[in-house]
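Chemist: need a structure here:
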Amino acid sequence: MKNRNVFRNIIFAGLVFCGMMLLMSGCSSAPKRQMVYTDITQRAYENYEKANGAITRGELDKAAKYLEDAYAQAVSIDKNDLVCKILLSGVSYRIKNPVVDLSEKSFALPGDIDTLISEAKIAAAFAEEKSQPLLDSIIRVYECRARLFKAQNGLDASTNSEIQKTLDAEVKNLSKEPYYLAFLYRTKGDWSNFLMNYGAAADAYKEAADIHTKNRYLFEIAYDWYLCAGSYSKAGKKVQAMESIGNALKYDRDAENVCGIAQDYMAAAHILCKNNPTEDEKQQAVFYAERAASIYKSAGLLEEADTCIAWINENK
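Modeler: Presented below is the predicted three-dimensional model:
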C-alpha cells in the first residue's frame, strides 16, 4: 500500500511537471510586442522616392503630391532626418518649377528655395546626433545647386572654384550614399556646363551615370546620359553625343519613360543638325523628330507633338 502511494505521488509530480513545461512552451511561442513601428515611416520613404523619380521625369504635378504626402507623414512622426531630405527634394522641385505664387495649392512644403534649405537645416539640427554630419553634407551639396540656379538667373556671382571646392570636399562624406553622391556629380556637371567647360561636365555626368547604374536608378541613369549628350553636343563632339543619347534612350525604354523616350529622339534630331550636317544626317534627324511626335501623340501630349512637327517643317 505504501509503495502504491509513492508510485501515485511520482506520477502526479510528473504530470504537474509536464503541465508546467507545456504552459511555459505556450508562453514562449507567443509573439513579442513590437518596440518600434515603421508603417508611417515606410509610406513616407516610398512617397519620397516616388517624388524624386517624378522630378527627374518632369512629372511635376505628381512630384508635388508625393512630396506633400511624404512631408506630412514624416512631420507627423517627428522623423527629422527624412523631413530634411524631403525638403531638399523640394529644392529640386522648385528649380524645375519656379513660380511667383508660392501659395499654390499643388505644393504644400514651405516657401521658396532659400526657405526650403533653411527649414532643412532646422530639421537636420533636430535629427538624431549620429545622422547630423551626413545631413549637413547633403545640405551643402544642395546649397551649391541652389547657387547655380541663382547664377543662371543672374542672382549669384559665385566662382567655380568656390563651388568645386565645396563639392570635392563632400565626395568622401557621401561615399556610402549613392543617391546623393550621384547628385553631387550631376551638380558638378551642371556647374561645368554653366561655365562652358563641356568636357568636365560630360565626365561628371558619366560619374553620376556609373553610380546610378550600380544602384539601379533607371530614370536617373537615362537623365545622366541625356545631360552628357548635351555637353558633348555643345563641345562639337557629335559622335560621342549620339552615343550618349543612345544610352539615354536605352534606359528610358527600360524604364518605360514615355516623355523621356520622346525627348531623347528630339535630342538626337537636334544633335544631328548641328555643325554643318550632311544630307543623310538631316534626313535621319527628321526621322527621329517624327518618332518623337508619334510617341507624344500616342501619350496624348498633343502640344509637345505639335512642337516636334513644327521643327520638322523648319528643317526639311
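
Chemist: sec struct for Asp203, please.
Modeler: Here Asp203 is recorded as helix under DSSP: H, G, I helix; E, B strand; the rest coil.

Chemist: any idea how far it is from Asn193?
Modeler: Asp203 sits 11 Å away from Asn193, going by Cβ to Cβ, to the nearest Å. For glycine as for every other residue, the C-beta is placed from the backbone atoms N, C-alpha and C.

Chemist: who's more crowded, the two?
Modeler: Asn193 (20 against 16; other Cβ atoms under 10 Å).

Chemist: distance check, Ala64 against Tyr179.
Modeler: In this view, Ala64 and Tyr179 are 20 Å apart by Cβ to Cβ.

Chemist: ok, these two, which is more surrounded?
Modeler: Ranked by neighbour count (other Cβ under 10 Å), Ala64 and Tyr179 place Ala64 first, with 22 against 17.

Chemist: and the most centrally placed residue in the chain, what element?
Modeler: Nearest residue to the geometric centre of the chain (Cα atoms, centre = their mean): Asn52, 3.8 Å. Element membership of Asn52, judged by DSSP states H and E, is helix 39-57.

Chemist: that helix packs against which elements?
Modeler: Under the contact definition 3 or more Cβ pairs under 8 Å, 6 or more residues apart in numbering; DSSP states H and E, helix 39-57 sits against helix 60-76, helix 80-96, helix 218-234.

Chemist: let's have the ones you listed in a markdown table, adding distance to Tyr48.
Modeler: Converted to a markdown table, those look like this (distance: least, Cβ to Cβ, whole Å):
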| stretch | distance to Tyr48 |
| --- | --- |
| helix 60-76 | 4 |
| helix 80-96 | 5 |
| helix 218-234 | 15 |
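
Chemist: got those as TSV, with distance to Asn247 and mean pLDDT columns?
Modeler: Formatted as TSV, the helices and strands packed on helix 39-57 follow (distance: least, Cβ to Cβ, whole Å; pLDDT from 0 to 100):
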stretch	distance to Asn247	mean pLDDT
helix 60-76	24	93
helix 80-96	22	95
helix 218-234	4	96
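
Chemist: buried set for stretch 194-210?
Modeler: Using 16 or more other Cβ atoms under 10 Å as the test for burial, stretch 194-210 gives 195, 197-198, 200-209.

Chemist: just stretch 287-299 next, same as before
Modeler: Tyr288, Ala289, Arg291, Ala292, Ala293, Ile295, Tyr296, Lys297.

Chemist: good, wrapping up.
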